[in-house]
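>>> Sequence plus predicted model, see below.
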Amino acid sequence: MGDFTFTFQQLFYENMGSEPFYLRNFYDATEYLDEPFSDITLQVIRLLLGDMRACDSCCHEDSRIEAKVQIGTNAYSVMVIFENGIAMFHVTDEQERDRTLWYLQTVSHSPEEQTLSCFLSQGVYPIRLHQYKDPDRRYPGDLWEATYSIGGTRSFRDYLRHFIQDFQPQRLLPDKDYWLQLEMDGRFVVRLGVNGREIIHLNDTENWIYHYLCFLHLLRFWDGMQDLRNYKDVKLPILIRDFSNQLDGYTDIQTLYGLTDDLHRQRLIIK
């Protein structure tokens, strides 16, 4: 894990949705949330990671969330109650000092970064950089607002151009000569051969892997963007909806999850 990584150590909630009680300890860099109510757990986790509307559909006046987390080398206790549907946070450090404001500022990421920290289904990942290149015509919304103004800066445009130019082709599958490439217009495509021109029509397994790899490269893009700004941005956990049942029996899902190692983040796999 990196020096400024957010990791969950324990999660408790009660009266969320139809679930009266939940308690879980987290021990590893990769955790599997395979409980029958993992969707509620996912919403709770997203709330704790700064998505303030994540629990709108499952919170009640008597709902309560408690978590023990580590940010960098320091431990914090987080409690959330709800008043008129609004999440009210209270955060303390190991010396029981109030760190609520600091915590909320620390986990606050732009809506764009929050969206791209979750791989929940196939989505916009293959074309997102393409949309960034001409946001007025291609991006579905206001990129300036969605990125807290970062997407409108010259440094963003310059880094996007260099990221695309410097991208190295990546093999999609170990047993096929299929290569993920990044076009100069910002689109990810899969071609036959590392320097090939033929675009491959992917089967279901290959298409899931294609979207997943594009998702990881978007995370790397934003990590690099924050490094360029010299901004000590906390590395939030990666939330991945388990897609092993979408793959054929010859593809090792653990190898795919391991491709996130260089991102230095906790992995939460939602079953």
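Sure thing, it's come through. Numbering: from 1, shown residues only.

>>> drop to CA atoms for contacts and neighbour counts, all remaining ones
Noted.

>>> The residue nearest to residue 152 when sequence neighbours are not counted: neighbour count?
Closest residue to residue 152 apart from its sequence neighbours, by CA to CA, 6 or more residues apart in numbering: residue 144 at 5.4 Å. Residue 144: 13 surrounding residues under other CA atoms under 10 Å.

>>> go on, residue 169?
Neighbours around residue 169, by other CA under 10 Å: 17.

>>> ok, now residue 62?
11.

>>> Look at residue 74 and report its pLDDT.
The per-residue pLDDT reported for residue 74 equals 96.

>>> What is the burial count for it?
Residue 74: 11 neighbours (other CA under 10 Å).

>>> measure it to residue 4 for me?
10 Å (CA to CA, to the nearest Å).

>>> give me every residue that touches the residue nearest the centre of the chain.
When the chain is reduced to its mean C-alpha position, the closest residue under CA atoms, centre = their mean turns out to be residue 117, at 1.3 Å. Neighbouring residues of residue 117 by CA atoms under 8 Å, 6 or more residues apart in numbering: 219, 236, 237, 238, 239.

>>> same deal with residue 131?
137, 138, 139, 186.

>>> Number of residues surrounding the third one?
Other residues near residue 139 come to 16 when the count uses other CA under 10 Å.

>>> re the thing from before, shouldn't the residue nearest to residue 152 be within a helix?
Yes: checked against DSSP: H, G, I helix; E, B strand; the rest coil, residue 144 lies within a helix.

>>> Now do the contacts for it.
150, 151, 152.

>>> In a markdown table: those residues, plus pLDDT.
Listed next are these as a markdown table, based on pLDDT from 0 to 100:
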| residue | pLDDT |
| --- | --- |
| 150 | 92 |
| 151 | 93 |
| 152 | 92 |
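
>>> who wins for neighbours among the residues you listed?
Busiest of those [other CA under 10 Å] is residue 151, holding 20 neighbours.

>>> For residue 61, give its distance to residue 52.
Taken as CA to CA, the span from residue 61 to residue 52 is 16 Å.

>>> Which one's more surrounded, the two?
Legend: neighbour count by other CA under 10 Å for residue 61 and residue 52, higher for residue 52 (16 against 13).

>>> which SS class is that one?
Residue 52 is classified as coil under three-state DSSP.

>>> distance of it from residue 248?
37 Å.

>>> How about residue 20?
Residue 20 is 37 Å from residue 248, by CA to CA.
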